[in-house]
Structures are given as C-alpha cells and as structure tokens.
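Peer 1: quick one, fold the following:
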Amino acid sequence: MADLGPRSTVQKIRNMAEFAQLSGISRPTVSKYFNDPASVRKSIRSKIERALLKYDYRPNLFAVNLNKRKPKIIGVIVPDTSDMFYSEMVRHIEMRCAIDGYFVLVLSSRGDPLLEARSIDTLLSLKIAGAIIAPLGIRTDAALMESLRAHIPIVYLDSSLHDGSPFVGTDNEQSIGLITDYLCRTGTPPTFFEMPAVNHNAAERRDAYVRTMERLGFQPEVVGVTRQTDWRFEEIAYGEALRVLDGKGFPTSTLLCANDRIAVGVMAAAFQRGVKVGREADCRLRVAGHDDQPYSRFGCPPLTTVAQDFSRLGSLGVEMLLAEVESETPGPPEGARQMRVEARLMMRASA
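Peer 2: Numbers count the residues shown, from 1 in each chain. Have a look, this model is predicted:
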C-alpha cells in the first residue's frame, strides 16, 4: 500500500470568534448565519459553509442562545420523564417548539418537591425565554415558583396551582363524565379506583366521578389508596387491588381507574387472582382508565379509556407561552389564561 504521508491536522476552534477570524468573515455575519442561513447572501453563505467543512466546526448553539438578548430556549419541568404520559407531552412540546426555532431544556422532578425546587433554581440560573411546567402542585414550593414566574413567563401544563396562572390541561369534568356515563350505560355502574394525591388531578377526577354518578342517579363508590404523594401508581394499585380481592371484593363489578397506570396495576392483580377482565359473559370485572397512554391499546385485554389530546395540549401550551414571550407588553394575553381540552372515549375490550 502506498504511503500517503502524515495526516493533515485541523486546527481546533474553540468558539465562534475564532471561526470568524480564520474564515475571514465578520463575527456578526457568522452569528447571523447560524441564526438563519437564508438571511445571509448566497456567496457569503457558501464561503461560511466551505469554512465549516474545512475546520470541522460545530457551534454550541445552546450556548449561543443563552448569550442572546432574547434567547430561544424554553425550559420544561415534568414530574417524571419515564412516565409515558409526560414523555409524550415532552415529545409534542419539542416538535412544536422546533417549528418556531426554540430549543427545549427538559428537567424532571421525579415526584420529589426538593428535586422540583432544584429544577426551578436551575431555570432561575439560566437566561431562557420562558417555561412550561407540570407542577407537583400539592407539594410545590409556591414561593419559589412565584420567583420564577416573576423572572420569566410560565405556563402550567396538566396540573395547575389554582392561582389563576396561565394553564393548559384536560377537562377532567368532561373526560370523567364521558367515561362514567359510558360505563353506566353498558353494564354495572363503576366503582372509582383513586390515584395517590400527587397533584390536583387526583381530587378533580374523583369529584367529577361523584358528581356524574349522583347526576345519573347512582351511588358513588370509591376505593381509596395511600395518602402519601407517591408516583408508583402500578405498584400501589396492584397492592390495594389484591387486598380488596382477597377481602370483600369491589362494591361493583366495574372499575373506573383514575389513570391508565392505576388500571395496569389493577388488571395485574386481577390476573394474579384468576379474575378475568373484559366484556365477555365469562368476565367477572370490567376495568377502564384515563389518559390513553401509548401502551394502553396493547394490554391484555386492551384498555378502555379516555384519550387526552397530547398534540393539542402540547401545542396550546407552547402557543400560550410564546404569545407572552414574543409580546411587546408584559403579562399573558387576555383570554388565554386557562384552557381545558376535551378528551375522547376509546372503547376497547377491557370494559
């Protein structure tokens, strides 16, 4: 094999200023190119792109944004990125922000108020445009959250702090009413299986169930769970369902679970005790949920539930935030403070 000689070395460029100097293009023009390549003349654009190839330079666009007078970075805090509901929400937020040229910085509180406070402190320490936050609610440090809200625009998502702040979430009254009515029309009236009171959705969904049952002329029945603010929904529901099945049993043969993760735990317990779940004649229990998480349609049996509109929730949250971020006047626009999105009934084999 022929000797090609020593490999050429490429000078390591540390920042955009060095790249501009080496490429012979002004620093403001280079910055303008990275903000919007189409805003630079074609001849200059070609020169920059040749220099990028020559020097193998990749700018730290996140750092560039932090240094802007108006950074295009949105902070997002959710209780748990491993929860498929929140991972879906983040996915839709990221897609919607990308359309408007915004970066997304995602932080997780892991259901821990101390970690949520640390995430808020992180956003306070950065120069960002605004934040979309799904707060723990009941255990959120309200004073710290208020400090952040005084610093940047905030939109709450999924769960609010009930303080009149901009908020986008599912209409629990509509969604719970919809599925409760369906279950009452198609079989025995449902017993409500609660979720731990990790945020305000827990109480909102339980209360909506009670009101719907009373409106329909049925006696509400509620299975309570731990009073702790614990996010291990499947494990908690599994243990509580086993306890009920091994005791007197559920008040009715239909269960409406506060969310799909609770329903997964309940169906696992039913399987463990040989109780068949579904709508067939030999089934002893019907089970329904709330959320329509991505795995719900692939359960055994597939889960009847109400589908939250992930795409619309994410888009509305971003639109509401950017309307304030890009407004010339401070504060949220009129008429865009509280928005609740209706859910759709998903009828499957479990109920």
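
Peer 1: in the protein, which helix or strand is least confident?
Peer 2: Across the helices and strands of the chain, the lowest-confidence element by mean pLDDT, DSSP states H and E is helix 61-66, at a mean of 57.

Peer 1: after that one, next one along is what?
Peer 2: For helix 61-66, the following helix or strand on the C-terminal side (DSSP states H and E) is strand 73-78.

Peer 1: show me what that following strand is packed up against.
Peer 2: helix 61-66, helix 84-99, strand 103-108, helix 113-125, strand 130-133 (3 or more C-beta pairs under 8 Å, 6 or more residues apart in numbering; DSSP states H and E). For every residue, glycine as well, the C-beta is placed using N, CA and C.

Peer 1: check contacts around residue 287.
Peer 2: By C-beta atoms under 8 Å, 6 or more residues apart in numbering, residue 287 lies in contact with 254, 255, 257, 263, 266, 267, 270, 277, 303, 304, 350, 351.

Peer 1: ok, residue 100 next?
Peer 2: Taking C-beta under 8 Å, 6+ apart as the test, what residue 100 contacts is 72, 318, 322.

Peer 1: cutoff 7 Å now
Peer 2: residue 322 (C-beta atoms under 7 Å, 6 or more residues apart in numbering).

Peer 1: backbone phi and psi for it, please?
Peer 2: Backbone torsions of residue 100, given as degrees, to the nearest 10, read phi -100, psi 10.

Peer 1: quick one on the thing from earlier: as CSV, the helices and strands packed on strand 73-78 with mean neighbour count and distance to residue 308 would be great.
Peer 2: Shown next, in CSV, are the helices and strands packed on strand 73-78 (neighbours: other C-beta atoms under 10 Å; distance: least, C-beta to C-beta, whole Å):
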stretch, mean neighbour count, distance to residue 308
helix 61-66, 14, 30
helix 84-99, 18, 8
strand 103-108, 18, 19
helix 113-125, 17, 22
strand 130-133, 28, 16
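
Peer 1: what's the closest of these to residue 23?
Peer 2: Residue 23 lies closest to helix 61-66 among the helices and strands packed on strand 73-78, at 16.4 Å (C-beta to C-beta).

Peer 1: just give me the lowest mean pLDDT stretch among the helices and strands packed on strand 73-78.
Peer 2: Note on these: lowest mean pLDDT is at helix 61-66, with a mean of 57.

Peer 1: coming back round to it: can you pick the most crowded of the contacts of residue 287?
Peer 2: residue 263 (32 neighbours; other C-beta atoms under 10 Å).

Peer 1: what about that residue, helix or strand, and which?
Peer 2: In the assignment (DSSP H and E), residue 263 maps to helix 260-272.

Peer 1: which strands and helices sit next to that helix?
Peer 2: Judged by 3 or more C-beta pairs under 7 Å, 6 or more residues apart in numbering; DSSP states H and E, helix 260-272 is in contact with helix 233-245, strand 254-257, strand 286-288.

Peer 1: closest one to residue 205 among those?
Peer 2: strand 254-257 (9.0 Å).

Peer 1: paired strands for that closest one, with orientation please.
Peer 2: When pairs are called by DSSP bridges, strand 254-257 turns out to pair with strand 191-193 (parallel), strand 286-288 (parallel).

Peer 1: save the ones you listed as CSV, and put in mean pLDDT too.
Peer 2: Shown next, in CSV, are the strands paired with strand 254-257 (pLDDT from 0 to 100):
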stretch, mean pLDDT
strand 191-193, 98
strand 286-288, 98
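
Peer 1: got those strands as a markdown table, with distance to residue 109 columns?
Peer 2: Below are these laid out as a markdown table (distance: least, C-beta to C-beta, whole Å):
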| stretch | distance to residue 109 |
| --- | --- |
| strand 191-193 | 25 |
| strand 286-288 | 29 |
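
Peer 1: nearest to residue 170, of the ones you listed?
Peer 2: Ranking the strands paired with strand 254-257 by proximity to residue 170 (C-beta to C-beta) places strand 286-288 first, at 15.7 Å.

Peer 1: and the closest one, how far from the chain's centre?
Peer 2: The gap between where strand 286-288 is centred and where its chain is centred comes out at 25 Å by C-alpha atoms, centre = their mean, to the nearest Å.

Peer 1: residue 173: which of the contacts of residue 287 is nearest?
Peer 2: Proximity of the contacts of residue 287 to residue 173 was ranked by C-beta to C-beta; the top entry is residue 257 with 17.5 Å.

Peer 1: so what's the closest one closest to, chain neighbours aside?
Peer 2: Spatially, and ignoring its direct neighbours in sequence, residue 257 is nearest to residue 263 (4.0 Å; C-beta to C-beta, 6 or more residues apart in numbering).

Peer 1: that neighbour and residue 238, how far apart?
Peer 2: Distance, residue 263 to residue 238, by C-beta to C-beta, to the nearest Å: 11 Å.

Peer 1: swap in residue 141?
Peer 2: 31 Å.

Peer 1: just give me the neighbour total for residue 137.
Peer 2: Quick note: residue 137 (other C-beta under 10 Å) scores 22 neighbours.

Peer 1: what about it, which SS state?
Peer 2: coil (DSSP: H, G, I helix; E, B strand; the rest coil).

Peer 1: show the contacting residues for it.
Peer 2: Taking C-beta under 7 Å, 6+ apart as the test, what residue 137 contacts is 159, 161, 199, 200.

Peer 1: do the same with residue 32
Peer 2: For residue 32, the contact set (C-beta under 7 Å, 6+ apart) comprises 39, 40.
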